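Asker: Structure, please.
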Amino acid sequence: METVVGTIDHLESNLSDNTELFEMSRADDDFDGIAAIEDEVKALTAKVEELEFRRMFNQPADPSNCFIDIQAGAGGTEACDWASMLLRQVLKYCERKGYKTEVLEESEGDSAGIRSATIKVEGDYAFGHLRTETGVHRLVRKSPFDSAGGRHTSFASLFVYPEVDDTIEIDINPADVRTDTFRASGAGGQHINKTDSAVRLTHIPTGIVVQCQSSRSQHSNRDEAWKVLRSRLYEHEMRKQREAQQKLEDTKTDVGWGHQIRSYVLDQSRIKDLRTGVEISNTQKVLDGDLDPFIHASLKQGV
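Answerer: Residues are numbered from 1 along each chain as shown. This is a model prediction of the structure:
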């Protein structure tokens, strides 16, 4: 807090000084002086943006890596295809940010797309940037799977939670966790499905299930699955605490299929965030991972 206050005092002092210098330079037609003030203003602007950045990322886990679960909603092929589109969108966004991504688990749909996927994202403030994407995403379009070209509505959910490092203690009783191994399937499965290398962990008290099949090594998949489980249990506990607090305020907090955060109406070239009101007409740009307008607005609004 002292650093923030000190920075604000520094900004106010410099702004005042530069205002006086600008008036003097303008009166004397000192163009070199005005140019120097412009450079100083750019530096002050950068400091203000840094303060804004720190204000938006005010949760303890914001600097952390994160995991993202994507789940297709009801709707069969349409919903599975929409889930795969969201997976591509998130991966493209992370690529823009320079984040490292790994698809830990991917369950293919029966005809197209995916039923579910789990991604690990590594990079500075990965969780902070992505956490407001948690919720239900709605797609409206003329379906490529409908020979009559009918208009269809599909849903898919994203759930973003931070990676828990060793500084946060998560007490898990091994007796509460059932471990299953199975042969990997899906993308890359032909290379690793000769042995039971994929690992599924089920935390019996909460019903949380995680699985990993990204590696050919069962040991490696087991280690990664435990990391995901620890993070899911941490987020589960944090959510319980938030819900308990918000229930006191008589506020519903569960994210169900009715809790939509963004609507993608492709045949009308319109994507709208239902929380902030931000609306964008370049739908392909958004589907290609340009999520910053939505994410920045959500963070500034404290969503």
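Asker: Excluding chain neighbours, give the residue nearest to residue 94 in space.
Answerer: Distances taken as Cβ to Cβ, 6 or more residues apart in numbering put residue 101 closest to residue 94, at 4.8 Å, once the chain neighbours are dropped. The C-beta positions use only the backbone N, C-alpha and C, and glycine is treated the same way.
Asker: Helix, strand, or coil at that neighbour?
Answerer: The assignment at residue 101 comes out as strand when based on DSSP: H, G, I helix; E, B strand; the rest coil.
Asker: State the pLDDT value of it.
Answerer: Predicted confidence (pLDDT) for residue 101: 96.
Asker: in the sheet, who's paired with it?
Answerer: Beta-bridge pairing of residue 101 under DSSP bridges involves residue 121.
Asker: What about it, how many residues nearby?
Answerer: Number of residues near residue 101 (other Cβ atoms under 10 Å) recorded here: 19.
Asker: try residue 297
Answerer: Residue 297: 16 neighbours (other Cβ under 10 Å).
Asker: so what's residue 272 up against?
Answerer: For residue 272, the contact set (Cβ atoms under 8 Å, 6 or more residues apart in numbering) comprises 262-263, 265, 278-280.
Asker: Restricted to helices, list those residues.
Answerer: Using DSSP state H, no member of those sits in helices.
Asker: Output those in CSV, with pLDDT appended to each entry.
Answerer: Formatted as CSV, the contacts of residue 272 follow (pLDDT from 0 to 100):
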residue, pLDDT
262, 96
263, 96
265, 96
278, 96
279, 96
280, 97
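Asker: Now the two most distant members of those residues.
Answerer: Farthest apart among the contacts of residue 272 by Cβ to Cβ are 265 and 278. That separation is 14.2 Å.
Asker: possible to save the contacts of residue 272 as CSV with neighbour count and distance to residue 299?
Answerer: CSV is the format used below for the contacts of residue 272 (neighbours: other Cβ atoms under 10 Å; distance: Cβ to Cβ, whole Å):
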residue, neighbour count, distance to residue 299
262, 22, 15
263, 17, 20
265, 16, 24
278, 17, 12
279, 12, 18
280, 17, 17
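Asker: mind checking how far the longest strand along the chain is from the chain centre?
Answerer: Counting residues, the longest strand found in the chain (DSSP state E) is strand 151-162. Distance, stretch centre to chain centre, for strand 151-162: 12 Å (Cα atoms, centre = their mean, to the nearest Å).
Asker: Buried residues, it. List them.
Answerer: Neighbour-count burial for strand 151-162, counted by 16 or more other Cβ atoms under 10 Å, picks out 152-162.
Asker: Which other helices and strands does it contact?
Answerer: Helices and strands touching strand 151-162, by 3 or more Cβ pairs under 8 Å, 6 or more residues apart in numbering; DSSP states H and E, are strand 66-72, helix 77-97, helix 126-130, strand 135-142, helix 218-248.
Asker: go with 10 Å
Answerer: strand 66-72, helix 77-97, strand 114-122, helix 126-130, strand 135-142, helix 218-248, strand 260-265 (3 or more Cβ pairs under 10 Å, 6 or more residues apart in numbering; DSSP states H and E).
Asker: Nearest approach to residue 35 belongs to which of these?
Answerer: Checking those against residue 35 by Cβ to Cβ gives helix 77-97 as the closest, at 33.5 Å.
Asker: Okay then, goodbye and thanks.
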